[in-house]
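Undergrad: fold the stuff below for me.
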Amino acid sequence: MSDIGQSAGRVARSPAFKFFLISFLVLLLLLPLVMVFALVSDRESRSRSVMSDIARTWGGVQTLTGPFLVVPYLVRIETRDGDKIIQQTQERRAVFLPEELTITGNGKSNVLTRSIFDVNVYTASLAVDGRFGVLDVLGLDPNAVSVRWKDAIFALALSDVAGLKEAATLNVNGQDALPFAPSLGVPGSYMTGIHAKLAGAPSALEGDTAPKAFSFHADLVFSGSSSLSFTPAARETRVALTSDWPHPSCMGAFLPVEREVSEKGFSAKWRVPHLARSVPNAWTILDAGVDRFLNYQFGVTFYQPVDFYGLVNRALKYGLLFLAVGFMGVFVLELVSNKRVHPVQYLFVGLAMVFFYVLLLSLAEHLGFTKAYFIASLATGGMLSLYVSKALDSLRSGLLMAVLFALLYGLLYLILRLEDYALLAGALFGFAALTAVMFTTLRIDWSGLTGPHRKRDAEGGVV
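TA: Numbers count the residues shown, from 1 in each chain. This next block holds a predicted model:
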């Protein structure tokens with residue numbers, strides 16, 4: 001029994017056993033890493049809640065759709081009741097799009113702060129110009145028996161009309177000024193917006209006859225947040241947008257044909273012909289709703305380049321590799337020294353490395369990511385280097401750990417900034433770390449039967 005006990009003791013004190021014990025501790029520390037993931041998610045959710053709350057009062061994500069010309073008309077429907085033929089009239093609505101549409105605008109950006117959270121908002125001033133051609137309801141629906149031209153409306157959809165800051169007026173042919181009324185003016189439509197009755201513009205519509213081709217102009221001033229989008233609502237749609245926001249992100253179905261970005265802001269121009277979208281220039285609401293442009297929106301996002309929640313999340317994804325390299329550094333120093341590091345001390349080292357992410361998150365919300373990363377890495381790396389130095393009773397070991405942590409935190413920061421090459425950099429770093437550990441420990445007696453560990457065991461060293 002004594003031989004069995006001695007053998008078990010030698011196994012427990014061997015470097016191989018210690019290695020597997022350390023590997024188990026690394027896996028055990030995945031639990032607090034998951035808890036930190038949950039903490040980051042909770043703080044990010046809180047940030048989005050604040051953004052939504054500000055958007056409700058200032059103005060949300062804005063999308064300008066249209067304009068449309070909506071014309072009601074009547075069709076005669078025949079139904080049979082036995083031998084009887086019953087004739088009824090039914091009201092329908094035709095939707096016409098403009099021949100040309102030009103939107104010129106400027107977005108003045110601002111950052112609103114609530115508590116520790118920042119939200120990107122803007123105030124947009126847009127000039128909407130265009131031209132409608134001759135409208136032909138009979139060509140669209142041969143069953144039309146009469147058209148109520150006097151009830152035709154000019155509709156312009158805006159996703160958050162609460163953001164409108166000034167009264168808007170529709171100018172027709174440079175002669176008639178029509179005030180916009182609330183709502184889109186189309187029964188049953190889920191879209192929000194404004195509309196004007198074309199009957200108030202005699203230069204385009206006289207009596208109840210079909211209107212002539214006419215041009216239009218409208219100025220809109222509204223506030224919004226995060227992004228501003230448009231739709232290619234004409235045969236030829238042109239949009240020119242400028243802003244003082246230096247970090248635009250063009251998005252949607254169409255990219256700008258011209259774009260300039262500088263520290264003072266950006267300018268972008270889009271040009272979309274009707275052939276680039278699978279939407280006709282006229283249809284009836286019975287066939288499709290008013291909005292047929294959900295897949296063809298385009299515009300710009302007022303992008304915030306430093307999303308520290310995303311950066312902290314990305315850093316956490318390298319947490320396991322980070323812990324493994326740190327533990328292997330301590331383990332190698334232990335193997336070449338005359339001191340032992342207790343598993344509890346390894347656990348403390350791991351918890352401190354996990355707590356680095358908590359420090360990073362809490363500081364980033366107040367100082368920004370770069371400053372927070374520098375302070376958190378300096379505090380964690382410095383404390384752990386001192387701790388290892390005391391545990392191994394070696395200033396040299398502490399300095400080596402300081403160099404290792406400096407490389408670890410420096411490489412992690414570099415990986416986070418690389419974005420497109422983050423995976424490649426992380427893979428190369430992991431491969432290099434594994435190679436270094438393998439060749440550093442090549443001459444180690446993992447069984448513990450020879451070398452410094454056996455001598456320390458004989459002298460009564462601590463596992």
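
Undergrad: which residue lies nearest the spatial centre of this structure?
TA: In the chain, the centroid-proximal residue (Cα atoms, centre = their mean) is Tyr303; its distance is 8.4 Å.

Undergrad: low-confidence regions, the stretch 351-463 of the chain specifically.
TA: 419-423, 426, 437, 440-463 (pLDDT under 70).

Undergrad: buried residues in the strand or helix carrying Leu323?
TA: For Leu323, the host element (DSSP states H and E) is helix 319-335. Residues 319, 321-335 are the ones in helix 319-335 that count as buried (16 or more other Cβ atoms under 10 Å). C-beta here means a position set from N, CA and C on the backbone, and glycine is covered the same way.

Undergrad: ok, residues contacting it?
TA: 15, 18-19, 22, 25-26, 29-30, 33, 36, 340-341, 346, 349-350, 353-354, 357, 384, 388, 392, 394, 397, 400-401, 404-405, 408, 412, 426, 429-430, 433, 437, 440-441, 444, 452-453 (Cβ atoms under 8 Å, 6 or more residues apart in numbering).

Undergrad: report the buried members of the residues you listed.
TA: Among those, the ones that count as buried by 16+ other Cβ under 10 Å are 15, 18-19, 22, 25-26, 29, 33, 36, 340-341, 346, 349-350, 353-354, 357, 384, 388, 392, 394, 397, 400-401, 404-405, 408, 412, 426, 429, 433, 437, 441, 444, 453.

Undergrad: worst-scoring helix or strand of this structure, pLDDT-wise?
TA: In the chain, the helix or strand scored least confidently by mean pLDDT, DSSP states H and E is helix 452-458, which has a mean of 47.

Undergrad: and the helices in the stretch 301-450 of the chain, which stretches?
TA: 308-317, 319-335, 343-367, 369-392, 395-418, 422-440 (DSSP state H, counting those that start in this stretch).

Undergrad: CSV for those, including distance to Leu241?
TA: Converted to CSV, the helices of the stretch 301-450 of the chain look like this (distance: least, Cβ to Cβ, whole Å):
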stretch, distance to Leu241
helix 308-317, 26
helix 319-335, 41
helix 343-367, 32
helix 369-392, 29
helix 395-418, 29
helix 422-440, 32
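
Undergrad: what strands line up against the biggest strand by length in the chain, and which way round?
TA: Criterion DSSP state E: the longest strand present in the chain is strand 62-81. Sheet pairing of strand 62-81 (DSSP bridges) gives strand 84-96 (antiparallel), strand 144-147 (antiparallel), strand 153-158 (antiparallel), strand 227-230 (parallel).

Undergrad: who wins for proximity to Pro67 among these?
TA: Nearest to Pro67, of all the strands paired with strand 62-81, is strand 153-158, at 4.6 Å by Cβ to Cβ.

Undergrad: please save the CA atoms from that closest one in PDB.
TA: Extracted in PDB, the C-alpha atoms of strand 153-158 (Å, rounded to 0.1, in the frame of the first residue of the first chain):
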ATOM      1  CA  ILE A 153     -53.900  63.500 -53.600                       C
ATOM      2  CA  PHE A 154     -50.200  64.000 -53.500                       C
ATOM      3  CA  ALA A 155     -48.800  61.700 -50.800                       C
ATOM      4  CA  LEU A 156     -45.400  61.700 -49.300                       C
ATOM      5  CA  ALA A 157     -44.500  59.000 -46.700                       C
ATOM      6  CA  LEU A 158     -42.200  59.600 -43.800                       C
END
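
Undergrad: now the helix or strand that that strand is followed by: buried residues?
TA: If you walk from strand 153-158 toward the C-terminus, the next helix or strand you reach (DSSP H and E) is strand 169-172. Within strand 169-172, the residues that count as buried by 16+ other Cβ under 10 Å are 170-172.

Undergrad: ok, these vs Asn143, which is closest?
TA: Val172 (29.6 Å).

Undergrad: what's the burial count for the closest residue to the closest one other than its chain neighbours?
TA: Using Cβ to Cβ, 6 or more residues apart in numbering and skipping residues adjacent in sequence, the residue nearest Val172 is Ala201, 3.9 Å away. Residues within reach of Ala201, counting by other Cβ atoms under 10 Å, total 23.

Undergrad: likewise for Asp219?
TA: 16.

Undergrad: follow-up on the earlier one: would a markdown table of the buried residues of strand 169-172 with distance to Arg131 and pLDDT be doable?
TA: Putting the buried residues of strand 169-172 into a markdown table (distance: Cβ to Cβ, whole Å; pLDDT from 0 to 100) gives the following:
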| residue | distance to Arg131 | pLDDT |
| --- | --- | --- |
| Leu170 | 13 | 94 |
| Asn171 | 13 | 95 |
| Val172 | 11 | 94 |
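
Undergrad: redo the residues you listed as a markdown table? Include distance to Gln90.
TA: Listed next are these as a markdown table, based on distance: Cβ to Cβ, whole Å:
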| residue | distance to Gln90 |
| --- | --- |
| Leu170 | 29 |
| Asn171 | 34 |
| Val172 | 30 |
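
Undergrad: partners of Thr284 in the sheet?
TA: Where Thr284 sits in a bridge, its partners, by DSSP bridges, are Ala94.

Undergrad: residues contacting it?
TA: So Thr284 contacts 92-95, 140-141 (Cβ under 8 Å, 6+ apart).

Undergrad: for Glu236, see how far away Ala352 is.
TA: 63 Å (Cβ to Cβ, to the nearest Å).

Undergrad: likewise for Phe322?
TA: In terms of Cβ to Cβ, Phe322 sits 55 Å off from Glu236.
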